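Enquirer: One predicted model, sequence on top.
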Amino acid sequence: MRRIAIAAVAAMTVALAITANAWGSATAHYGPYASNSPDEGTCGNTWAEDTFNRLYTVKTKPKGGKYTFVEQFKNGTFKTLAGPSPAACGTDPGGTLSGTVSGKMQGSFSVVVSGGTYNPGATCSALCYTSEFVTDFFGAGATYEVPSFDLHYNAKKHGVWKNASADKGGNSGDITG
């Protein structure tokens, strides 16, 4: 009886995978890639240096000739640089950073790729920045935009900062110290 149940579950899993491909909702996952990035505040200044793991989830079927993927930033940390805080020039002006403040960060980008063809067998360099991922997995002629993003930073007593697109609630908070 147990073998029949296992076989039935396996058959349902295969059927669901085939259905997902037929409906165009199949995804592929890449990463984690140990990476880093400078972080730009509302004044256009680099306010922190981030270190994190990049993970990519690609919808493998194009829609309207465009591909989409989500880039996640996980297990992240940041260290601030002296100067304007991340929200210093925003609608809720912030303050300044006098030196190094550290904290944790995480978030994601929703990315739309145009003018490329998805290559599931591609590989990416060690850091696998967004632009490198697009070039490697969609071709040198591919372009991309990031219409939606949501990044969260927590420096405990020095504050929290949310850097987000309007559809994700926009920017809020600040980190100072």
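Expert: Happy to help now that I have it. Numbering: from 1, shown residues only.
Enquirer: Which residues are in contact with residue 85?
Expert: Residues counted as contacts of residue 85 (Cβ atoms under 8 Å, 6 or more residues apart in numbering) are 41, 47, 94-97, 174-176. No exception for glycine: its C-beta is placed from N, CA and C like everyone else's.
Enquirer: Of the residues you listed, which is the most crowded?
Expert: residue 47 (28 neighbours; other Cβ atoms under 10 Å).
Enquirer: hang on, it packs against residue 87?
Expert: No - using Cβ atoms under 8 Å, residue 47 is not in contact with residue 87; the gap is 9.3 Å.
Enquirer: Please, where are all the helices along the chain?
Expert: In the chain, the helices defined using DSSP state H lie at 2-23, 130-138.
Enquirer: where in this protein is pLDDT low?
Expert: For the chain, the stretches with pLDDT under 70 are 1-25, 91-93.
Enquirer: ok, now with 90
Expert: For the chain, the stretches with pLDDT under 90 are 1-25, 90-95, 98-100, 125-126, 177.
Enquirer: Okay, strands next: where are they in it?
Expert: Shown for the chain, the strands assigned by DSSP state E span residues 27-40, 46-59, 67-80, 83-84, 96-97, 102-114, 143-154, 160-164, 172-173.
Enquirer: so which of these gets nearest residue 124?
Expert: strand 27-40 (6.5 Å; Cβ to Cβ).
Enquirer: who touches stretch 40-48?
Expert: By Cβ under 8 Å, 6+ apart, stretch 40-48 touches 38-39, 78-81, 83-90, 94, 97, 153, 171, 175.
Enquirer: and that stretch, C-alpha only, in PDB?
Expert: Provided in PDB are the C-alpha atoms of stretch 40-48 (Å, rounded to 0.1, in the frame of the first residue of the first chain):
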ATOM      1  CA  GLU A  40      23.400  54.800  -2.700                       C
ATOM      2  CA  GLY A  41      21.300  57.100  -0.600                       C
ATOM      3  CA  THR A  42      18.700  59.700  -1.600                       C
ATOM      4  CA  CYS A  43      21.500  62.300  -2.100                       C
ATOM      5  CA  GLY A  44      23.200  60.100  -4.700                       C
ATOM      6  CA  ASN A  45      26.100  59.400  -2.300                       C
ATOM      7  CA  THR A  46      27.500  56.000  -1.300                       C
ATOM      8  CA  TRP A  47      26.300  55.600   2.300                       C
ATOM      9  CA  ALA A  48      27.200  52.000   2.900                       C
END
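Enquirer: Which of the residues in that stretch are classified as buried?
Expert: Residues of stretch 40-48 classed as buried by neighbour count (16 or more other Cβ atoms under 10 Å): 41-43, 45, 47-48.
Enquirer: Mind putting these into JSON lines with distance to residue 116?
Expert: JSON lines is the format used below for the buried residues of stretch 40-48 (distance: Cβ to Cβ, whole Å):
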{"residue": "41", "distance to residue 116": "31"}
{"residue": "42", "distance to residue 116": "31"}
{"residue": "43", "distance to residue 116": "34"}
{"residue": "45", "distance to residue 116": "32"}
{"residue": "47", "distance to residue 116": "32"}
{"residue": "48", "distance to residue 116": "31"}
